Every structure is written in structure tokens, then in C-alpha cells.
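**Q** Sharing a model prediction with you, sequence too.
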Amino acid sequence: MRVLNQQAPLKQEKHRWFLDPKWLIIIAIVGFLLVFQVFPLVYLVFRAFFSTGTFSLEAFKRVYTYPLNWSALTNTVVAATFSMIFGVLIAFPLAWLVGRTNLYGKKFFRTLFVATYMVPPYVGAMAWMRLLNPTVGSMNMFLQKIFNLGSAPFDIYTMGGLIWVLTGFYYPYAFITISRAMEKMDPSLEEASRISGASPLTTLRTITLPMMLPSIVAAALLVFVAAGSCYGIPSIIGVPGQIHTVTTRIIDFVYIGSQEGLTDATTLAVFLMLIANVVLYLSTFSIGKKQYITVSGKSTRPNIVDLGRWRIPITALVIIFALVVVIIPFVTVALSSITVNLGESVFAEGNITWRYWERIFTRKSIINSARNSLVSAVMAATFGLLVSCMMAYLLVRTNIKGKKIPDFMITVGSGTPSVVIALSLIMSMSGKFGINIYNTLTIMVIAYMIKYMMMGMRTVVSALTQISPSLEEASQISGASWLRSMKNVTLPLIAPALVAGWFLIFMPCFYELTMSTLLYSTNTKTLGYELYTYQTYHNQQTASALATAILFTVFGINWLLNKLTDGEFSI
Amino acid sequence: MKKLFMVLCVLVIASTLVFAAGSAEKPKAADGGLSGKLVIYTSMYDDVIEAIDETLEKVFPTIDIEFFYGGTGTLQAKIAAEVAAGKLGCDMLMVADPSYALELKAMGVLQPIMINNAADLAFDYDKEGYWYPVRISNMVLAYNPGKFSKADIPNSFYDFAYDKRVEGMISMSNPLTSGTALDTISALKDKYGYEYFTALGQQKVKIESGSVALTKLETGECKVIMILEESVLQKREMDRSKIEVIYPTDGTIVVPSPIMSINDQWSPNKNSAAAKAVTEWFMSEEGQKNIVKAWMHSVSSKYPTPPYDAIPTKEILKNTIPVDWQATVTLREELRTKFQEAVAKK
Amino acid sequence: MSNIIIKDVKKAFGEVVVLSQFNAEFADGEFITLLGPSGCGKTTMLRMLAGFEKPTEGEIYIGDQDVSSPKNFVPPERRDIGMVFQSYAVWPHMTVYENVAYPLKMKKMGKQEIKKHVEEVLETVHLSQYAQRIPSQLSGGQQQRVALARALVAKPRLLLLDEPLSNLDAKLRDSMRFEIKEIQKQLGITVVYVTHDQMEAMTMSDRVIVINKGVIQQVGAPTEIYRHPANQFVADFVGKINFLKATSKDKVLTLAQSGQTLPYEGPLKGDVVIGIRPENIRLVSIKGDFEGTLVSKFYLGDVNDCRIDLGGELIRVIAEPTTFDVCEVGQSFNLRIDEFTVFEDTGEDEHTKILT
């Protein structure tokens, strides 16, 4: 009996090897990633060491002994580290207040903080430049007035300013990760501590915090990599103040245009990739194993901590935070878009205009860019979701041996800094190795997919995990084919997740800047790059109008989906 | 739920298709003999391009002219990459930096075009017809009289770097991306030596594009900026801005920006007939009128009217800091690197 | 150890009233069970005792201390209570020892003393050899005992148990039931136990409080609840029962369908419902109260589960195992009713539909 049992599947397995479409799917996905992700990245590293044809550390020596590069390296590490620390220091209390206390307006704040996640980070840089420049920043002036200061209290064009803006736009990453984990935590773990004699604060310190630690570390690393590989913010805030980061240096080097510049960019990119990969390894493969979060069988409503007499002061504090970090910057950008002379008040006579708004809807180049962004984001999201669905099915529903390989590759892809992906694609996909897709939208779509596909995949995977396979089996037993069962049972159940996954890929692609900056060509300029050129080159008011339009679109889509899916769509 | 999902999908895809279809339209070949596509890389600002593009559409209704803008440095990087890949993306170039024309000519990618009114030019041009100056951009200083008095700020390039009263409140363009800025630092290096760069660094100069700098003048964030005259003039005319040009006492830096065409071997559309027609139009009185309307000075001695609110070209030419174009080509890397090292924060 | 007084407690979440007019008094050392279907409000009552929820109205006293009233509210950590959660809530980032020591640490007890107490209580719950394990290395039953040890270690004046056995398998549940009862007797602690399992309630409690839809249905000792249910809901929720519609007139109950009769001494008149537990009906050959025909029978080993048609009413009878061999379907029997309860007929059938 035993012998029989062992042999039967073996035979089947052999048979399957040739026919099973699952293998074809894996091979197709792995093939795609090998060609467009692994090979370019490997070639990038290779180029850094073999820039002259033979192995040499010359390029490394030159790049890393150059003081400007050193300062860029240290700037990057310092900025990312502090953004990470502050990001978590802000995100954890906020997540706790919103998720576990009787703070006023929790739901609103939650939506607000989550929504900032969808905002292009460079919009923040544009706003803060206006608010906190050392000479006439409106917030600086305001503070100067009410506190009667002799000089402006803040200077945005400093490392501190850079960290501030990075933190303000990357803390939502930590907020979302931490609140999700907090929601999943069985509330009776905290109640058990309370009943054991611990005060709410002691409970927070001895139970909640240590339990959340893996998620907090994961969140922190997420912020670190995001802040460290950001281009928009340091190029708008840092560069005018001569604070270079690795990303801005890499793009500078590419812009220098010489072969040497390209080699230098490559060499710096290897550094960035190394940091990101180490961090990725730490967060996914070592800390991931220590996940404590357990979903309790029958969870009661979470124990809401009564803030008591602190309720109003703390709510006020959160309101101030939301005002300063979210609302004022957005309003600033929106107002800039209708102001002729930014040196005067918006409401000064004749200072309001719709000319910049008119411009963004009539300028040929802006419309073209919007179309390019729409097309490439739709394609990236659609193909990305397709791959996500296949991957999700493989990961959750099958036991195929190689299924972890593409999963691993997709994870690595999303953890690789955008600038590195783009650079590696430029170098390997411009015809040198038989594929020439440089200057096309295809290269854009591929880059977007590599970077953002994982968000979709995770969403679909977690949705599919929650659907018991017995639901599909029940349909099959009722006489429906596998395909029909998928269509009638599985698809409707994971539909909200599919919509969410699609938009999670679509949104960041729609306003993507960093990769587009390197990959654009005459006819493939994207909205993010267009906005960036307007901000730094042509006209800041037009850039503000464009940014405001993007904000409205992003919030609008988010709101619409939330309404249409009865709140099932949320990130 | 499912229906809704479908509807959403259809909507998104449909809108994408509509957009895509819009772009696929191509103008039909016309009877004038000129047709096809013409891509022009340029470093002019989008307001200027928009105005010129509209005029060109009227003049050459049968040619599909497409402008692609970027700083000269950005375009140089792009062209370098394209040359490495074996094909350029443009049929014509209207970058700011004349020295780049010398380099491109040497690389052998340019198409000579002979025009009949070359004798009217007030500036140097390539005698073989590889490039002509088409517009004059002047690097000047600018300030906001609404916020500061002219007496309290530097009136020369020298003081711009050495007058401590404006420390941290000055701004200029990035020679890495801007051609005129590269020419400017090349000229200033010749006049004041590399120490000038160091002084700029110690003066905490902000490095950003002209339009950003202008905004900073308006808000008062900067006291004085190094900028192209045309940007200020445009702002004065279009936004009724009070910002004023200072023609530096130690000389204006005059940049006669070239127009060039790419030869058939390298150009994507191989449309040299159209390129010739467009070049001739730009060099004609009509073309120059449009250049002046776009706040730049004319290169033609036959067209002496200065742009809106500017002083006559002749006046400017009386006091200039000369640029050694050939040296700018050969020293380009060095100039950029030294400049960056000098102004970057350590 | 102390008595508990719950006075006019009411709890509403927004508009929804989950508990109305709860009045009860628990004696020192008593084992009280709150029994009811899920959603009846029993867990809410327990959480109010613990201090996780604030009553909308009313007062709660633990050992004469006012812990919850309109003018006073003592948070859970200062109530001196032990509690075992349904999900155990054993902290996964601490060892068994650390978990159990936690309440003592909160009391700022010395290290040596903590050690002594923890070892003692681990001995009580038979976990001494697991002290240094982390919870994920323990079975469900062992985790459950960690939770119990943690709840007991600080010698609280009150122990709250929230369906502690519902996640265990049947065998383990049996032995844990016994163990909990033993420990309670040993320590003489007051216990409030929440469950929807009537078996647990019957076997462990001194007194049971049956709750439905936020209203107390009956308070009493297990036997009282079982033998003299206050209403149809209690009768039906606790144990099995047949409900027969009948009319009461002149000390005789007449069944609505078949017209068979039963003598009755009680006070109710008019339309009534008779409740008869299946085990209180005996199949006899002569001198029965009712006559009926066997419709079906199932052999259960220790008993036979039979359905008998009274001529309109179908009733369930738990008969001796020997009946399986002797009786045939279709055969007629005399039925003797040993014990029954009569309820007023409210015309509602809702109470028989139990939500679980």
C-alpha cells in the first residue's frame, strides 16, 4: 500500500513535467524577469568592474575617492537614516492613536494619512520650498511674526530640510505597514496585560511594541530604501542647496553624457543596489521569520484606550500634524497654481489667474505626456496584474517546486532603487545585446512592472489566501469546470483585491519620475517628468497646476473606488 | 461588483485607446512638396516654443514639426547616448551653446545648408553652412526693484560672486544642464580665473533654472540672479512683472545660439528639404521677427529692433565678456567638474 | 476573594442595546456561569466586570469597592482580577515563565518572590517543566494552562474565564473542565465563567445565569435551571425538550392535536405549552399517561433515541437501550411522563430558534 502510494504521484509528476501549463507560466515569468531584470542588473555590476574591458577597480577608486561622491554617499545614508527614524517615530504613535484609542475623528485621519501615500513625493518638495525657504518662506515668515524672531527659524535647503520633506512623504509607508499589523494583532493580548495590572502605557511598552517590532523594523527599512533612492525630493530641495545624494549624482553623471560619466553612474548605482539588497535581505528573510502576528479565531472589538483628559489635547496635536504635514503643503501647491506673482499674496489685485490651468490642458507636450503616462501606466498595471494573478495562483494553490523563484525575483525587483533599474535597462536594452527598446514606451512599461508589480502581487496573494480552496472545489464538485469555477467563484471573491491591486500598480506608474527621467525620449515623455521639467525649468505655477490636477485625479479615483466597491477597496 | 469591475476596465481601456488614437493621426502630404516629420531638439523655454510652434504650423502646414525641449546639457547627454546607439532622434537642433555646434560638426553628424542672406549676419557663422547663429541670448543679472534697491546689490558679475551683502541670496543656472550657463562660466573663468568659481561657492549660490530663480526674485528669496535677458523680458511682458535687467558693468555675456540640421545618415526622418526650408525661414526677416517677439535679439544686422523692454543689441555689444568657443568645447568636462566641486557643499 | 454586586447595569453600543437591566450578586468563592447563545451579551457583561467596557448605566462593586458607577471608574489594571481569554492571549514574545511572572512584575514584587510564586502556580497547572519554552512550542491545551497560570499567579480576588475551553478538542475539554473546577476549589476563588456550552455550565457552576438577547432569563443552581426552567427559552437552551401545545382546564391538560390528556395541579389556565424532557418519558406496557406509535428509532449505544407519534404531536423519547431489540417501528406504546413543566403559551415560537 505504501509503495503504491509513493509511486503513483511520481508517475504523474513525470507526466506533468511536459504538459503542465503551470510550468509554462513559471518559465514565461522567469524568462521575462531574467531578460529584463536579472540580466540588466548583472550587466550593471559587470560594467562597474569591467569598464575598460578587463577587470579593474579603477572606476571604483575614481568614483569613491572623489570628495563630491563621498559627500553624496554620506548625505544619502544620513538623510535615509534620519527619515527612517523620524518616519517610524511619527508613524507608530499615529497608528496606535488611530487604531487603538478614542481619538476624535480617527477614521478621517486614517484616510488622510493613507491618502498621502498616493501623492507623488515631489509635490511635497515643491510645497515646502515655498513654505520654508530661509528668506521669504511663508511658514517661516509666519513663525517669525508670532514668535517675534530676528531671522527665519528654518532653512529648507539644508540636510534638516531634506530630512523633513523626506519624512513628511515617506512616513505613510510606515504608517500603513504598522497599522495593518496592529489591526491583525489579537486585541486580547493587550487586554491580558491590562488585567495583569499594567497601565495602558506599560502595555504599549511591554506588549504592543515588542509584538509589533518585526513590523516596525520592516516599515523602517521600507522608509529607508524609499528615502535613500528618492530622486524628486533631493533634486528639488537638495540640489539648489548643493546637497547631492547618490540618486542625483547618478542622474547627473548620466547627463554628463560621456562614457566615463556612464561608468561613474554605474559604479554609484552598484552602491545603491548593495544597500537596498542588504536591507531587503534583512527585512524579508531574517525578520520575516519572526513574525508574531497571529490572526485570532474570533476577535472581539479591539480594546479602545480611553485617552481621558488627554483626548482633546492629543486630538489637537494630531490636527496640527495633519495641517502642517498634509493640508498646508497641498493648499500651498494648489494656490501657487493660480498665482501670477508668487511674491505677492494670492489675493492681491490681479494676482489670480487660470492661465496655468488652461495651459496644462492645452499645451501639446503636456497632453502628449499625460497620454504617454496613461498608456504606460495602464499597460504596466494590466500586465503586472496578470502576472500577479498567475503568481498568486501558483503561490497559494499549487505546490510546484519552482514557484518561489519568480516570487523572489519580483521581490528583489521592487526592492531595487528605481534609478538602478532604469540605468541597467538603458545600458543593456539599447541594442547592444540584440534588444533595442530604448526610447520606446515598452522600456517604460517594463521598468514600471519590475518596480511596482509586487504591490499588486501581494494584494492578490493575500486575497486568494483568504479564500478557502474548498470553495472552488465545491464548485467543481457541482459540475463546473476549473475555468468556470474560477470565473464564477474565485474571481468575484477576489475582484475587490484585483481592482485594488491594479490601482496600486497604476498610481505610482502614472506619476513616476525617477525612472522616467532616465528612460524618456522624444515621444515618450511622461507626466512625472513633464511636471518635473516645468517645476525646475519652465514655470513653477504650471507645475503646481499639473501637480494639483494629479492630486485631484489620485484622490478622485481613490474615493470613487472606495464608493463603488463599498469600502472594500482600500490600501 | 463584477459588472462594476468590467465597466471600470472598459472605461479605462477606452479612454486609453481614445488618447492613443488621437496621436496616431498624421498630416497628409501637401502639394507644396514639403512633407513628413521634423523633430527639433531645443533648449528654448516652452512658452517660446509654443509661440514659435504655432507660427511654424501656419508657415509650414504640411510639415509635422515636433519640438523636444531640454537644457543643452540634457540634450547633449541624450545625443551622446543616441550616437552610441547609432541613430539620432532629431532632424534639427536649436540648442543654446554655440560651442556644441563646433563639436557636432567635428563629429560629422551635421548637414550643410547654404542660405542666401548669410551676409546680413552680424555674428560669426560656419562658412560651409554647418551652423548659423539664429538668436541672441544675453546672460545678464536681474533684480526685483519692488524688494531691493539697485544700489544695494551687485551690478557686475564680479560683485555677484564677491559682494557679501547678497551671500546666500543669489542664484544661477546649472552649467551641467544649461548651455548658456556653461558658456558663462567659461567666459568668467577666462576673465577672473577659476577662483571665481570658488567665490561663487563661498557666496552660497543656488543652482537652479532661470524660471525658478525668477520666482525667487519675485518672492524676495533671492536678491540678484544671473539669468538670460529673455526670461526677464518675457516675465515683464507676460506677467507685468517689475523685475528688471541689470546689464553687468563688467560686460554682458552674449551667446549667439546656433541652428543646425542633422545629415541623412543620422537623422530619423531624412527630411533635409524640410530642414532647409525651416532653417531659411528662421534666418529670414520673418523668422527673426518671431525670434525678437520671443524676447531674444536678432542675429541679423538688417533687423535692429530689440525685443520688448530691452536695450538695442548694439548697446549691449559695446560692453561684453567674450567667450572662447573652441576652449569651451575642449574644457567642457573640466569646467563642469571644477564648477561643481567649487559650489557643492562639502 | 470577594463578593460582587452588579446593580442595574445596562450596556448599549450606540443605538444597539446589548444588555439591559442586569442585576446580580455573587457570593465570595462562588463559581458563577453566564450561559447563553452567542451575541446574548454575556461576554459584554464579563468585559464590564474586567473593566474593558464601561456600562452605559448602573454600578458594579467588587468586594464592596465601587469599580464602576456614573461617578467612578476603575481601569482593569487596578481591579485585581485574573482573566483567561478565549484565544488564551499568551504573549508570543515571552517565555512561559515570563508570561506568568508578568502580573507579579507589574506589582513590583522582588525577583525571588516572583520565582517562588511562578513555580508554585506552574506546579498547580502541571507546566513546571515547560517554564523556559516559548508559547509557539506548546500545544493548545498547554497554552491554555499558561493563560490560567498567569490569571491565577497574583492571587486575584476574582477570576474571569471567557469561553476558555472552546478552542480545545473534546477530550481535552473534559479534563480541563475538571482541572479548573479543582483549582477553584483549592484556591476558594470567586469565578465568573462565560460559555455557550450548557454541559460546561452544568458541571462546573454553583449557580448559572442564563441570558438571552441581553436579558437575564433565569438565575439558579444547575439542577434548578434544568428541572424547573423559568421559560421556554431556558428549557430549550439547557438540555433537550419536547414542546406540546395544550389547553389547561379543570386540572387537566388536553393536547391540542391528539386530544390526549394529562393531570395537572398547577395554576395556569387556558392555552399552555407543555415542556417534557425526552429522558422523562418512559415506554411502558400499561398505565401510561399517553399512547403513541413508534415512528423511528436510533441506536446510540447508551440509549435509544425514538420518535413517537401521539396522534398529531410528534415527540422525542430517550429510551433504555434494550428497547432497540424489543420494539418495532409501527408498534404502539404506553408512555409514562415522570416530570414536565407547563408554560404560558405566548404564541411565539422564536425562543425555540437558537442562534449559535
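**A** Ah, there it is.
**Q** and the residue of the stretch 101-250 of chain B nearest chain A?
**A** Closest approach of the stretch 101-250 of chain B to chain A (Cβ to the nearest Cβ) occurs at residue B:218, with a separation of 3.5 Å. Bear in mind the C-beta positions are built from the backbone N, C-alpha and C, glycine included.
**Q** can you count the residues close to that residue?
**A** The criterion is other Cβ atoms under 10 Å in any protein chain shown. On that basis, residue B:218 has 24 neighbouring residues.
**Q** Please apply the same query to residue A:403.
**A** 20.
**Q** same question, residue C:318
**A** When counting by other Cβ under 10 Å, one arrives at 17 neighbours for residue C:318.
**Q** Then it would be within a strand, right?
**A** Yes: membership of residue C:318 in a strand is supported by DSSP: H, G, I helix; E, B strand; the rest coil.
**Q** if we can go back for a sec, on the secondary structure side, give me the element for the residue of the stretch 101-250 of chain B closest to chain A.
**A** Assigned by DSSP states H and E, residue B:218 belongs to helix B:210-219.
**Q** Put the alpha carbons of the host helix or strand of residue A:503 into PDB.
**A** Secondary structure assignment for residue A:503, by DSSP H and E: helix A:491-510. Below are the C-alpha coordinates for helix A:491-510, written out as PDB (Å, rounded to 0.1, in the frame of the first residue of the first chain):
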ATOM      1  CA  LEU A 491     -12.900  35.800  -9.500                       C
ATOM      2  CA  PRO A 492     -15.900  37.500  -7.900                       C
ATOM      3  CA  LEU A 493     -14.500  36.900  -4.400                       C
ATOM      4  CA  ILE A 494     -11.100  38.400  -5.200                       C
ATOM      5  CA  ALA A 495     -12.500  41.100  -7.500                       C
ATOM      6  CA  PRO A 496     -12.000  44.000  -5.000                       C
ATOM      7  CA  ALA A 497      -8.400  42.900  -4.500                       C
ATOM      8  CA  LEU A 498      -7.900  42.800  -8.200                       C
ATOM      9  CA  VAL A 499      -9.200  46.300  -8.500                       C
ATOM     10  CA  ALA A 500      -7.000  47.400  -5.600                       C
ATOM     11  CA  GLY A 501      -4.000  45.600  -7.000                       C
ATOM     12  CA  TRP A 502      -4.400  47.200 -10.400                       C
ATOM     13  CA  PHE A 503      -4.600  50.600  -8.900                       C
ATOM     14  CA  LEU A 504      -1.700  50.000  -6.600                       C
ATOM     15  CA  ILE A 505       0.400  49.400  -9.700                       C
ATOM     16  CA  PHE A 506      -1.300  52.100 -11.800                       C
ATOM     17  CA  MET A 507      -1.000  55.000  -9.400                       C
ATOM     18  CA  PRO A 508       2.800  55.100  -8.800                       C
ATOM     19  CA  CYS A 509       3.400  54.400 -12.500                       C
ATOM     20  CA  PHE A 510       1.100  57.200 -13.500                       C
END
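**Q** Rounded mean pLDDT for that helix, please.
**A** Computed over helix A:491-510, the mean pLDDT rounds to 85.
**Q** Please apply the same query to stretch A:399-418.
**A** The average of the pLDDT scores along stretch A:399-418 is 82.
**Q** The top helix by length along chain C packs against which elements?
**A** Secondary structure of chain C per DSSP state H: the longest helix is helix C:170-187. When contacts are defined as 3 or more Cβ pairs under 8 Å, 6 or more residues apart in numbering or on different chains; DSSP states H and E, helix C:170-187 packs onto helix C:140-152, helix C:198-204.
**Q** Who does the helix or strand following the last one pair with, and is each partner parallel or antiparallel?
**A** Okay, so that is helix C:198-204. For helix C:198-204, the following helix or strand on the C-terminal side (DSSP H and E) is strand C:207-212. The strands beside strand C:207-212 in its sheet (DSSP bridges) come out as strand C:31-35 (parallel), strand C:215-220 (antiparallel).
**Q** Pick the most buried one from those.
**A** strand C:31-35 (a mean of 25; mean count of other Cβ atoms under 10 Å in any protein chain shown).
**Q** next structured bit after whatever helix or strand residue C:10 lives in?
**A** Residue C:10 is part of strand C:4-13, with elements assigned from DSSP H and E. For strand C:4-13, the following helix or strand on the C-terminal side (DSSP H and E) is strand C:16-26.
**Q** looking at it, residue A:272 is touching residue A:228, isn't it?
**A** Yes: counting by Cβ atoms under 8 Å, residue A:272 touches residue A:228, with 7.2 Å between them.
**Q** Mutual contacts of the two, please.
**A** Taking Cβ atoms under 8 Å, 6 or more residues apart in numbering or on different chains as the contact rule, residue A:272 and residue A:228 both touch A:76, A:246, A:417.
**Q** now, which of the residues you listed lie within helices?
**A** Counting by DSSP H, the shared contacts of residue A:272 and residue A:228 place A:76, A:246 in helices.
**Q** Is there a neighbour count for the residue lying closest to residue A:229 once chain neighbours are set aside? I'd like the number.
**A** For residue A:229, ignoring the flanking residues on the chain, the nearest one in space by Cβ to Cβ, 6 or more residues apart in numbering or on different chains is residue A:417 at 3.2 Å. For residue A:417, the count of nearby residues is 26 (other Cβ under 10 Å).
**Q** Spit out the contact partners of residue A:417.
**A** So residue A:417 contacts A:225, A:228-229, A:247, A:269, A:272-273, A:276 (Cβ under 8 Å, 6+ apart).
**Q** try 7 Å this time
**A** Each residue near residue A:417 by Cβ atoms under 7 Å, 6 or more residues apart in numbering or on different chains is listed here: A:229, A:272-273, A:276.
**Q** wait, does stretch A:502-513 contact chain B?
**A** No: Stretch A:502-513 is not in contact with chain B by Cβ under 7 Å from any Cβ of the partner chain; minimum separation 8.5 Å.
**Q** how far does that stretch sit from the chain's center?
**A** On the basis of Cα atoms, centre = their mean, to the nearest Å, stretch A:502-513 sits 9 Å off its chain's mean C-alpha point.
**Q** what about the stretch 251-356 of chain C, any weak spots by pLDDT?
**A** C:323-324, C:347-356 (pLDDT under 70).
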